[in-house]
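# predicted coordinates and the sequence they were generated for:
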Amino acid sequence: MPAIALSNVTKRFGETKALQDASLTAEFGEIHAIVGENGSGKSTLAKILSGIVPADGGTIDVLGQIPRTPIEAIRYGISTIFQEMMLAEDLTIWENVFAGADGFWTRRLSVSEKRAQTRAVLERLADCEIDPDAPVAAMPLSVKQWIVIARALLQEPKVLIFDESSAALDLEATARLHQEMLKLKDKGVCVILVTHRIAELVKFADVATVLRDGETVGRIGRDEMTEETLLRLMSATDGKAAARAREKRVVSSTHKPALEACGIGLASGKPPFDFQVFPGEIVGIAGLDGAGQADFVRMLSGIQAAPRGTVRVWEDANTSHGIRTLAEAEAHRITYVSGDRKREGLFPNLSILENFGMALYDRIAGRGGLIDRKQLQSAFDTEKARLSIKFGASSDKITTLSGGNQQKVLIARAFALNPKVIVLNDPTRGVDIGTKQDLYRHLRDFASDGGAVVYLSTEIEEFFDFADRADVFFEGALFASFPRGEINEENLLGAMFGQGEPIALADAIEHEFTQGAGKEEVA
């Protein structure tokens, strides 16, 4: 008897048909991946398995039951870790780990036992010291991800569903999570993995079920599982061509950067460094979690101040402006896109159109401050077509969209602001490969028109064939910089772990990009 057996499952949300013919069979002791583009129905299927939403039709059997509520699902032995982290920010770590758990344990644990178990499981998972009494609000995104994973593991589930739950983890942490999945598999747990990280899942998933537009279009075993096969099924196109597509673009060289940071010190005792990004340049930013790269891109955007050093944007060859606040950054056309859309991007109670328009209202307000709805709708229609955002009606709440389509709205909002510099902080977290390809193309076009791009990602393969330069952070400082021809897994991983000697970055960066005059074509 399989752990999960779903057949011809359907589900609608208003005008949106999330699932129309979805089927899935998963066994105990199996790592089973569910893959598909944004809007294909993956997360809806996970929510049905978890008892969060009911199906409209079809046959459902999970551990011999039909979970109708999250409480029922947990009692049956089903635990789910969602991409949107369900945490009480004002409570401590141990209180979050054990939130709601007393009703599902055979005996009540004392507070000291809960603290001890929290410390033990999180220090194993996160590979660092954890204070169980620390408030969750003070924790970085990666530790918050481990907290919700720890909560699920302590429930000792028979079916464990990961819904894009490695998206906040860096390369090293994701590898540790994979090891935990393999241990669960060896114990007979059915592990369901909803993911966009296709390059990773082909290495350790046993089976993959592929969804497209709410339908199951394929079931692939380990022996047949390749990136090319999965991409072809997901998009109904040539996956090899989609995965390797490269476009030529023209990059304008200049002797003045679009944005620069001088004498930046991220932490006490760490060496200061300089950074420059030029018009027409795409710079990738990488590093292990906590290496300082996330703080740095927020400093470039004016979201937080640099402890030491200055950030400046160049208006022309002779005029520059200091950037100390978000308002100053926005005034000088520096736009920021966060991968943590729940905390830093979305207004969950507002519509899709209202979320898109939030940053545009002051630009399209007419007399008396009234919003020009026609102008807003026109801007939205342009960006919607550019990024292929899938939805029922623009008046629907933003929360009716899949996570990837929510992220598309934020990226569309950034493009609509007509920025000079766009700074992206892990923007494709929870976004499918097709959307990533579209975003890369639009960023190349933006750079070819003279824009500058700073692109932080936890997936280093995003920089291959995309970035003009990749800068790697290590232990709170900029450690290494690789030009386009040297961006590869070996170089980036080595620098992320501090291999080699730090280089004199400022001179190397400026020489690399400005040694030519006029225009330079980048393949």
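Nice, thanks for sending it over.

# C-alpha from now on. contacts and neighbour counts both.
Fine.

# rounded mean pLDDT for the helix or strand hosting Thr216, please.
Secondary structure from DSSP states H and E places Thr216 in strand 215-221. Mean per-residue pLDDT for strand 215-221: 92.

# elements contacting that strand?
Judged by 3 or more Cα pairs under 8 Å, 6 or more residues apart in numbering; DSSP states H and E, the packing partners of strand 215-221 are strand 16-26, strand 207-212.

# buried stuff in the longest one?
By 16 or more other Cα atoms under 10 Å, the buried positions in strand 16-26 come out as 17-26.

# just checking, next helix/strand downstream of it?
Taking DSSP H and E, what comes next after strand 16-26 is strand 31-35.

# quick one on the thing from earlier: tell me which of the buried residues of strand 16-26 is nearest to Ala150?
Ala26 (23.2 Å; Cα to Cα).

# now do the contacts for the closest one.
With contact taken as Cα atoms under 8 Å, 6 or more residues apart in numbering, Ala26 is in contact with 2-5, 32, 190.

# run through the bridge partners of it.
Counting by DSSP bridges, Ala26 is bridged to Ile4.

# returning to that earlier point: can you tell me which of the contacts of Ala26 are buried?
Neighbour-count burial (16+ other Cα under 10 Å) applied to the contacts of Ala26 gives 3-5, 32, 190.

# export those to CSV and tack on distance to Asp61?
CSV is the format used below for those (distance: Cα to Cα, whole Å):
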residue, distance to Asp61
Ala3, 8
Ile4, 6
Ala5, 5
His32, 16
Cys190, 14
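
# dump the residues you listed to CSV, plus distance to Thr319 and pLDDT.
CSV is the format used below for the buried ones among the contacts of Ala26 (distance: Cα to Cα, whole Å; pLDDT from 0 to 100):
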residue, distance to Thr319, pLDDT
Ala3, 65, 94
Ile4, 63, 95
Ala5, 65, 95
His32, 56, 96
Cys190, 60, 96
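
# from these, pick the one nearest Leu171.
Proximity to Leu171 was ranked across these by Cα to Cα; first place goes to His32, at 20.8 Å.

# that closest one touches Ile192, doesn't it?
Yes: His32 is within contact range of Ile192, at 4.9 Å (criterion: Cα atoms under 8 Å).

# before we move on, back to that, ok, the contacts of Ala26 vs Ile282, which is closest?
Nearest to Ile282 out of the contacts of Ala26 is His32 (Cα to Cα; 36.0 Å).

# contacts only, for the closest one.
26, 190-193, 205-209.

# centroid residue for this protein?
Arg429 (1.1 Å; Cα atoms, centre = their mean).

# find me the pLDDT at that one, would you?
At Arg429, the model reports a pLDDT of 73.

# what distance do you get for it to Lys270?
Arg429 sits 29 Å away from Lys270, going by Cα to Cα, to the nearest Å.

# before we move on, what about Ala88?
From Ala88 to Lys270 the distance is 33 Å (Cα to Cα).

# now, which of the contacts of His32 sits nearest Gly403?
Distance to Gly403 across these (Cα to Cα) is lowest for Leu193, with 15.7 Å.

# any idea of the angle the helix or strand harbouring that closest one forms with strand 31-35?
Assessed by DSSP H and E, Leu193 sits inside strand 190-194. Here the directions of strand 190-194 and strand 31-35 differ by 20 degrees (axes from the mean of the first three to the mean of the last three Cα atoms, to 10 degrees).

# which ones are touching Arg469?
Contact analysis of Arg469 by Cα under 8 Å, 6+ apart lists 282-284, 481-484, 487.

# what's the answer for Asp170, then?
Contacts for Asp170 (Cα under 8 Å, 6+ apart) come out as 142, 288-289, 458-459.

# least confident pick among the residues you listed?
Across the contacts of Asp170, the member with the lowest pLDDT is Asp289, scoring 75.

# what's the neighbour count on that one?
Residues lying near Asp289 (other Cα atoms under 10 Å) number 23.

# with adjacent residues omitted, what lies nearest to Thr400?
Distances taken as Cα to Cα, 6 or more residues apart in numbering put Phe13 closest to Thr400, at 7.5 Å, once the chain neighbours are dropped.

# next one: Val143
Leaving aside its chain neighbours, Val143 sits nearest to Ala126 (7.0 Å; criterion: Cα to Cα, 6+ apart).

# what values do phi and psi take at the one you found?
For Ala126, the backbone dihedrals are phi -80, psi -10 (criterion: degrees, to the nearest 10).

# list the contacts for it?
Shown in contact with Ala126 (Cα under 8 Å, 6+ apart): 143, 146, 173.

# of the residues you listed, buried ones?
143, 146, 173.

# may I have the helix or strand harbouring Glu123 as PDB, with CA atoms only?
Glu123 belongs to helix 111-126 when assigned by DSSP H and E. Output of helix 111-126 as PDB, limited to C-alpha atoms (Å, rounded to 0.1, in the frame of the first residue of the first chain):
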ATOM      1  CA  VAL A 111      10.200  23.700  29.600                       C
ATOM      2  CA  SER A 112      13.700  22.600  30.200                       C
ATOM      3  CA  GLU A 113      13.200  19.500  28.100                       C
ATOM      4  CA  LYS A 114      11.800  21.600  25.300                       C
ATOM      5  CA  ARG A 115      14.800  23.900  25.500                       C
ATOM      6  CA  ALA A 116      17.200  21.000  25.400                       C
ATOM      7  CA  GLN A 117      15.500  19.300  22.500                       C
ATOM      8  CA  THR A 118      15.300  22.600  20.600                       C
ATOM      9  CA  ARG A 119      19.000  23.200  21.100                       C
ATOM     10  CA  ALA A 120      20.000  19.700  20.100                       C
ATOM     11  CA  VAL A 121      18.100  19.500  16.900                       C
ATOM     12  CA  LEU A 122      18.800  23.000  15.700                       C
ATOM     13  CA  GLU A 123      22.600  22.800  16.400                       C
ATOM     14  CA  ARG A 124      22.600  19.600  14.400                       C
ATOM     15  CA  LEU A 125      20.700  21.100  11.500                       C
ATOM     16  CA  ALA A 126      22.100  24.600  11.400                       C
END
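
# how far off centre is it?
Put simply, helix 111-126 sits 27 Å off its chain's centre (Cα atoms, centre = their mean, to the nearest Å).

# cool, stretch 123-140 as well?
The answer for stretch 123-140 is 21 Å, by Cα atoms, centre = their mean.

# buried stuff in that stretch?
Neighbour-count burial for stretch 123-140 [16+ other Cα under 10 Å]: 125-126, 130-132, 135-136.

# tell me where the model's unsure across this structure.
Counting by pLDDT under 70, the chain has low-confidence residues at 38, 100-107, 166-168, 236-255, 364-369, 387, 430-432, 503-523.

# quick one, domains of it?
What automatic domain parsing lists as the domains of the chain is 4-244, 245-333+419-523, 340-418.

# sorry, back to before: mind checking what secondary structure the residue nearest to the centre of the chain has?
Using DSSP: H, G, I helix; E, B strand; the rest coil, the structure places Arg429 in coil.

# and for the one 10 residues further on?
For Leu439, the secondary-structure state derived from three-state DSSP is helix.

# quick one: it from Ala88, how far?
Using Cα to Cα, we find Leu439 at a distance of 33 Å from Ala88.

# again, but for Val453
Using Cα to Cα, Val453 is found at 34 Å from Ala88.

# who's more crowded, those two?
A side-by-side neighbour count of Val453 and Ala88, using other Cα under 10 Å, places Val453 first with 29 against 14.

# look up how far Leu478 lies from that one.
Taking Cα to Cα, one finds Val453 at 18 Å from Leu478.

# ditto for Arg68
Counting by Cα to Cα - Arg68 and Leu478 are separated by 50 Å.

# look at the two and report which has more neighbours.
Using other Cα under 10 Å as the criterion, Arg68 and Leu478 rank with Leu478 on top: 31 against 16.

# my understanding was that that one contacts Phe273; is that so?
Yes: between Leu478 and Phe273 there is a contact under Cα under 8 Å: 6.5 Å.
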